[in-house]
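A.B. asks: kindly return the folded structure for what I paste below:
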Amino acid sequence: MPELPFSAVDLSLPPPAPLTFRYEKYPADTEFDWHRHPWGQLNRISLGLLELQLPQRTLAAPAEYLVWIPPELPHAAHIRQSLDYVSVYVAAAQAATLPSQPCLIAQTPLIRALLDDFCQRGVTRLQDEWDVSQAQLLLQRLRQAGSVDDYLPDSDDRLLRPILLAMRAQPGDDTTLAAWARRVHSTERTLARRFQQLLGMNFVQWRSRLRLLQALAWLKQGRTVSDIAAGLGYATPSAFIAMFVKQTGITPERYRRQLLAEAPLN
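C.D. replies: You can find the predicted model right below:
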């Protein structure tokens, strides 16, 4: 991929010292072509799902995670639903202390509280020593929080690739792993082993995460819990609700109420 220029938006911002914040509101199905930033970037969304295309893979994350992009790494983006967005640019010296590869960082209660405070006050650049101290604490907690490569990892493995593509296209498909094995001319045991080795989770866990991401998008669109449960292949709404609570800690209806009550970030 040829070297991409920095955007005019980036070049108009002051260099982060150590952080700079940018706030946006994006409509559903917003696309960003390939670009890069001169600094490290933490991407934060208020709701739903953020998908980033990287040179070698796709990185998808629900709002519970921050997406970390190291300086100058080319990437493109797709935002499925309208949402509030925050870009936190990180100076080179501090970016070097965060992961060297793009990844997801969970928003612990303290990380969330520190970011919420910056966002609610509409801070763009750090103007006083208190904000600098808060930024330094935030960076320390980010380093301690750990990271994961992807919430819903992908694979180019010749056996897994067609399965993952088909499941992404139809999250409600209830095809069993044994049935998939027959379709790709393999065995259930071989596929189970490859899911664990290449994706870091089993088949059911991967499918549950896929369905959760689809459920978040459909809740944003106003679809009912019963409709979502049926669309995702659950026998009953209660089975879907149980999965949702296990993954997020709250019920779908409570999540929907939070969608309706969500205040602007700027």
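
A.B. asks: which parts of the stretch 51-200 of the chain are helices?
C.D. replies: 92-95, 109-120, 129-145, 160-169, 177-183, 188-194 (DSSP state H, counting those that start in this stretch).

A.B. asks: quick one, which of the ones you listed is nearest to Asn43?
C.D. replies: helix 109-120 (11.7 Å; Cβ to Cβ). From N, CA and C alone the C-beta is placed, and that goes for glycine too.

A.B. asks: so which bits of the closest one are buried?
C.D. replies: Buried positions in helix 109-120, judged by neighbour count with 16 or more other Cβ atoms under 10 Å: Ile111, Leu114, Leu115, Phe118, Cys119.

A.B. asks: contacts only, for Ile111.
C.D. replies: Leu66, Ile105, Leu138, Arg141, Leu142, Ala145 (Cβ atoms under 8 Å, 6 or more residues apart in numbering).

A.B. asks: what's the separation between the residue nearest to the third one when sequence neighbours are not counted and Ala17?
C.D. replies: Just to be clear, that refers to Leu138. Nearest non-adjacent residue to Leu138, counting by Cβ to Cβ, 6 or more residues apart in numbering: Leu114, 4.5 Å away. Separation of Leu114 from Ala17 (Cβ to Cβ, to the nearest Å): 17 Å.

A.B. asks: show me what the residue nearest to the spatial centre of the chain is bridged to.
C.D. replies: Nearest to the mean C-alpha position of the chain, by Cα atoms, centre = their mean, lies Ala61 at 1.4 Å. With DSSP bridges applied, Ala61 shows beta-bridge pairing to Leu50.

A.B. asks: so what's the residue nearest to Gln196 when sequence neighbours are not counted scoring on pLDDT?
C.D. replies: Distances taken as Cβ to Cβ, 6+ apart place Asn202 nearest to Gln196, at 6.0 Å, with adjacent residues excluded. On pLDDT, Asn202 comes in at 96.

A.B. asks: check contacts around Asn202.
C.D. replies: Ala192, Phe195, Gln196.

A.B. asks: average pLDDT across stretch 233-241?
C.D. replies: 94.

A.B. asks: care to break this structure down by domain?
C.D. replies: Per automatic domain parsing, the structural domains of the chain span 8-145, 160-261.

A.B. asks: and the ones you listed as a markdown table, adding distance to Leu152?
C.D. replies: Putting the domains of the chain into a markdown table (distance: least, Cβ to Cβ, whole Å) gives the following:
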| stretch | distance to Leu152 |
| --- | --- |
| domain 8-145 | 5 |
| domain 160-261 | 5 |
